[in-house]
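Participant: Return atomic coordinates for the entry below.
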Amino acid sequence: MILSANTGYHTHRSVLPLLLFTLVLIFSSCKTSEPETYQSTAEQPPMPEPNKEVLAPVQTLEEPTDIDSLLQAMTLQEKIGQLFVSPAYGRFTNNKDPQYLRLKRLIENYHLGGIIFMQGDVYGQAMLTNKLQDHSKIPLWIAQDMEFGAAMRISGTTRITPAMGVAATADASNAYLKGKITAREAKAMGVNQIFAPVLDVNNNPENPVINVRSFSADPDMVSFFGQYMIDGIESEGVMATAKHFPGHGDTDVDSHLALPVIYHNFSRIDSLELRPFRETINNGLRSVMSAHIAYPNISRNGDLPGTMDESILNDILIDSLGFQGLIVTDGLEMKGIADNYSPGKAVIYALKAGVDMMLISPDEMAAINELELAVQRGELSEERIDRSVRKVLQLKKEHGAFEKPKVELQNLSRSINTPVYQNIADRIARNSVTILKDSKDIFPIREVDHLNILAVSLADDESGSTGSSFARELRKYHGNVDFHVLDRRTSLEEKNKILNAADKADLILIGSFIIVRSNQPIQVQPEQLQLLRQIISRPVPSALIAFGNPYVVRDLPSADAHVMAWSSNSNQVRQTVPALFGASEVAGKLPINIPGMYAIGDGMEFNQSNIRFDTPESAGLSTEKLLELDMVMQEAINDSVFPGGVVAVMRKGVMVWQQGYGYHDYDKTRKVANDDVYDLASLTKVVATTTSIMKLVDDRRLDVQDRVSKYIPEFDTDNKREITIDQLLTHTSGLPAFQVYVDELQTRKEIVSAVRNEPLVNNPGEEYVYSDLGFILLAEIVEEVSGLRVDQYVRNNFFYPMGMKSSFFNPKKTGRWISNRIPATEIDTTYRDGLVQAEVHDERAWFMDGVAGHAGLFSSADDLSKLAYLLLNDGKFGGREYLKPETIKTFTERRSAINQRAYGYDRKSEGFSTAGELAGPNSFGHTGFTGTSFWIDPDEEIAIIILTNRVHPSRTYGSTISRVRAKIADTVMQSIEH
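Facilitator: Have a look, this model is predicted:
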């Protein structure tokens with residue numbers, strides 16, 4: 001079993017042309033057949049034959065007699081020592097450290113055969129492996145528990161969702177990839193054998209030790225996913241180990257603490273527990289770990305633990321199932337063995353039962369001595385010892401231990417926790433999320449519906465910090481989260497604070513971090529449960545998210561929502577929280593039964609409807625390449641193109657880059673933050689005005705072919721009467737680019753009147769002249785049709801419901817909470833006699849009370865990404881449709897015969913474009929005079945947002961801003977990994 005003292009649990013389902021592509025492209029030896037999806041127990045397809053082409057070739061002896069010669073030359077004590085595998089901690093160890101010296105003595109004096117590494121870190125374990133190998137005449141066999149990936153034991157490696165979560169993804173490719181990545185990292189660390197997968201059928205909800213370590217309560221599902229994980233492990237030339245034979249799933253006793261007893265008869269065990277082992281043995285399984293469990297009704301040895309029982313191992317595993325591979329004990333220090341048998345007696349019984357390798361004897365020296373005496377007095381034959389030693393030596397030879405026993409330290413930094421591995425692990429974790437209940441339509445959570453969230457972390461420890469990652473991730477998606485920890489140290493005062501917070505909350509989220517740990521309960525404790533019931537009795541929606549033991553939902557059946565997240569690991573939390581807000585697809589299916597509540601296969605499905613914050617690799621981009629943006633921005637800052645700015649990149653619904661660079665001004669006393677707010681200048685034309693027009697078109701309150709004169713009486717003249725709204729949108733109305741106006745006209749009424757009466761400079765529809773005046777008129781049309789000025793209309797219909805909390809006209813009037821985040825623009829010596837900060841830079845817009853169709857809007861990269869998401873997601877955001885897909889298509893395609901423009905939006909032009917050379921031909925966007933940029937390539941589903949104050953301290957600065965925009969765009973496009 002060798003269960004970690006603090007394990008995690010993850011899950012997810014993948015979809016999967018992409019996965020197949022990943023398998024073929026990234027892994028040189030991956031499956032070439034279409035990944036199989038697990039159906040239901042009743043409809044499960046036959047277990048696929050393992051694809052032997054997947055398996056890396058195993059080294060074989062050139063001369064079969066080599067091992068025999070070696071064996072003949074060994075003393076009895078040397079042989080016995082080879083059967084023992086002792087624990088070590090993979091951390092830095094001084095040469096005088098007592099634990100190190102004890103291991104050295106076991107290796108040199110007792111001829112220890114192997115090491116099982118417990119917790120450690122990458123370089124600590126690698127260095128210790130090499131040191132210990134130096135002391136061993138016969139190379140050590142290195143083994144390790146890696147049920148959840150190498151990170152189960154080695155910090156700095158890749159942690160992957162536990163088995164039950166992998167099964168929840170319903171995709172066998174995930175089990176294969178899990179095995180393959182784990183084996184790759186294990187092999188790089190010099191590990192020869194992985195103690196995984198768990199093939200126990202977890203059909204007992206009270207099981208205190210297996211739980212999410214099992215794939216399922218369905219033996220066919222366990223077989224199905226277990227075989228794929230074995231294939232993945234073995235494909236890298238590492239030995240997989242199925243555990244715990246003949247089955248540990250139907251116990252309610254932790255074998256770390258006592259000896260569990262299972263009273264089922266053989267018929268029941270044969271039909272359920274043995275099925276996964278039988279299937280995988282038939283498919284070539286090479287190693288099995290025994291269970292410290294007594295089976296009195298199928299054994300002639302009464303309550304003898306299975307590890308020591310000939311009836312279990314020799315009769316059933318070897319004779320009946322035909323297993324000829326390596327049999328390994330579970331940890332012999334576990335109390336089910338150690339409390340009842342001496343170290344020597346335990347291994348003598350185990351050898352008689354058929355075991356080959358002894359893990360973690362509580363006293364190796366005593367055990368070796370007792371075993372040697374047992375052979376000498378004839379209780380065991382030396383031939384029996386030889387049989388197991390030959391297996392061990394043969395495996396060492398096959399796995400190259402004699403030729404290459406040491407870890408190549410220089411390879412670790414490129415072989416461990418690569419972006420590819422982490423991205424796959426993240427996706428599996430994300431896809432494992434399973435929503436079983438949502439009776440009050442909580443999901444996806446929208447801030448506008450739930451203004452105040454109470455988040456409670458339920459824990460079974462005393463750290464006071466469990467679940468902090470839960471709060472951190474929630475706050476990425478919601479601005480008002482009140483977080484509390486309910487654990488064994490929570491005081492009465494703190495409990496009262498939680499109850500008070502519940503009274504103020506609009507939504508209650510309980511994250512359960514009760515996980516499987518030896519000598520710990522897996523249920524909610526009575527005093528905690530009492531408080532939780534009080535909390536969710538409030539008349540607001542509540543959700544329970546199980547970051548660990550999935551059966552915890554039985555304790556709070558009245559919660560309005562139940563979510564399975566499978567693991568307490570921070571990475572699983574990071575990949576689960578987005579699902580609550582619609583920022584990732586949800587399609588997980590329950591692989592267990594929860595009596596009286598849920599059955600295997602249950603699980604709701606939700607499409608992604610919000611932006612997820614994640615790594616570039618999760619959206620098919622390269623972090624390494626995107627880091628070049630740092631240099632592009634720094635060079636521009638050094639050249640005084642702007643004092644600072646923000647670059648954001650979103651792809652496929654994922655915000656992969658949002659970085660502030662430089663400073664608010666050239667004094668360099670205040671750094672730019674990722675969420676700083678900038679004057680958008682002409683981005684106002686598309687973000688506010690065009691978006692408003694699109695909505696009015698959607699609502700059939702306006703048509704782009706309408707004459708402007710229908711809404712602006714001053715256009716009812718001979719030369720203006722035929723001008724249409726679409727000509728204003730494409731800058732072909734005949735209006736001039738702009739007029740200064742403000743030298744004489746300094747009120748909103750005067751300026752609007754002047755624009756309404758402005759003479760044409762071209763015949764309508766004949767010339768392209770980029771015009772601010774047309775968009776001033778479009779904003780007037782929005783107000784004429786809707787009865788609301790454009791700032792209020794766009795806020796009511798888009799900004800507020802979409803959670804665009806930093807998008808405002810006149811931010812100085814909104815409050816210091818936003819105005820303080822705004823870098824200054826120009827030092828205006830003409831009209832305002834000073835620094836312009838948190839007020840619109842454009843003079844015409846400023847004299848129009850800060851609200852105009854061409855300028856005046858301030859926003860952040862985060863907010864603009866939401867609009868980009870809406871445009872790329874057929875007008876939907878947060879589970880709500882804001883614009884019709886056909887309207888977006890109409891407004892973003894080319895709409896003018898005399899220029900490249902769409903309605904409102906610019907499009908990538910031939911020759912130089914601020915969208916860069918690499919953006920696709922269907923790209924659309926806009927730029928702003930203050931140094932802002934907003935470009936979308938719909939074919940690549942990518943948005944590139946640039947916010948700067950390049951007009952600081954005056955508009956004579958930043959003349960090369962267009963080149964910088966294009967260089968940023970090309971750098972982003974080059975980062976796409978095709």
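Participant: Any regions of the stretch 1-150 of the chain where pLDDT drops low?
Facilitator: Counting by pLDDT under 70, the stretch 1-150 of the chain contains low-confidence residues at 1-65.
Participant: The same query, at a cut-off of 90, please.
Facilitator: Confidence mapping of the stretch 1-150 of the chain against pLDDT under 90 gives the ranges 1-66.
Participant: The stretch 401-550 of the chain too?
Facilitator: Regions of the stretch 401-550 of the chain meeting the criterion pLDDT under 90 cover residues 460-466, 488, 514-526, 548.
Participant: Strands of that one, start to end?
Facilitator: Ranges of strands in the stretch 401-550 of the chain, per DSSP state E, counting those that start in this stretch, are 434-438, 453-458, 481-486, 507-512, 542-546.
Participant: For residue 841, find the nearest of those.
Facilitator: Distances from residue 841 to each of those were compared using C-beta to C-beta; the shortest belongs to strand 481-486, at 34.9 Å. The way it works is simple: take the backbone N, C-alpha and C, and place the C-beta from them, glycine included.
Participant: which residues are in contact with the closest one?
Facilitator: The list of residues contacting strand 481-486 from outside it, by C-beta atoms under 8 Å, 6 or more residues apart in numbering, reads 452-459, 464-468, 470-471, 474-475, 494-495, 497-498, 501, 504-505, 528, 531-532.
Participant: before we move on, back to that, wait, which of the strands of the stretch 401-550 of the chain is closest to residue 590?
Facilitator: When those are ranked by proximity to residue 590 (C-beta to C-beta), strand 434-438 comes first, at 5.7 Å.
Participant: just to revisit the earlier point, residue 329 is nearest to which of the strands of the stretch 401-550 of the chain?
Facilitator: In this view, the strands of the stretch 401-550 of the chain are compared for proximity to residue 329 by C-beta to C-beta, and strand 542-546 is the closest at 32.3 Å.
Participant: tell me what the closest one is packed against?
Facilitator: Secondary structure elements in contact with strand 542-546, counted by 3 or more C-beta pairs under 8 Å, 6 or more residues apart in numbering; DSSP states H and E, are strand 507-512, strand 561-564, helix 570-580.
Participant: try 10 Å this time
Facilitator: Helices and strands touching strand 542-546, by 3 or more C-beta pairs under 10 Å, 6 or more residues apart in numbering; DSSP states H and E, are strand 434-438, strand 453-458, strand 507-512, helix 526-536, strand 561-564, helix 570-580.
Participant: before we move on, the earlier item: what about burial for the contacts of strand 481-486, which qualify?
Facilitator: Taking 16 or more other C-beta atoms under 10 Å as the criterion, what is buried in those is 452-459, 466-467, 470-471, 474, 495, 498, 501, 505, 528, 531-532.
Participant: re the thing from before, would you reformat the helices and strands packed on strand 542-546 as JSON lines and include distance to residue 978?
Facilitator: As requested, the helices and strands packed on strand 542-546 are arranged in JSON lines below (distance: least, C-beta to C-beta, whole Å):
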{"stretch": "strand 434-438", "distance to residue 978": "32"}
{"stretch": "strand 453-458", "distance to residue 978": "40"}
{"stretch": "strand 507-512", "distance to residue 978": "38"}
{"stretch": "helix 526-536", "distance to residue 978": "48"}
{"stretch": "strand 561-564", "distance to residue 978": "35"}
{"stretch": "helix 570-580", "distance to residue 978": "25"}
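Participant: Can you say which of the ones you listed is nearest to residue 977?
Facilitator: Closest approach to residue 977 among the helices and strands packed on strand 542-546 is made by helix 570-580 (20.2 Å; C-beta to C-beta).
Participant: The closest one: what's the following helix or strand?
Facilitator: Toward the C-terminus, helix 570-580 is succeeded by strand 612-613 as the next helix or strand (DSSP states H and E).
Participant: now residue 548: how far from residue 470?
Facilitator: Look at residue 548 and residue 470: by C-beta to C-beta, to the nearest Å, they are 12 Å apart.
Participant: And for residue 825?
Facilitator: Residue 825 sits 40 Å away from residue 470, going by C-beta to C-beta.
Participant: what's the answer for residue 755, then?
Facilitator: Counting by C-beta to C-beta, the separation of residue 755 from residue 470 is 53 Å.
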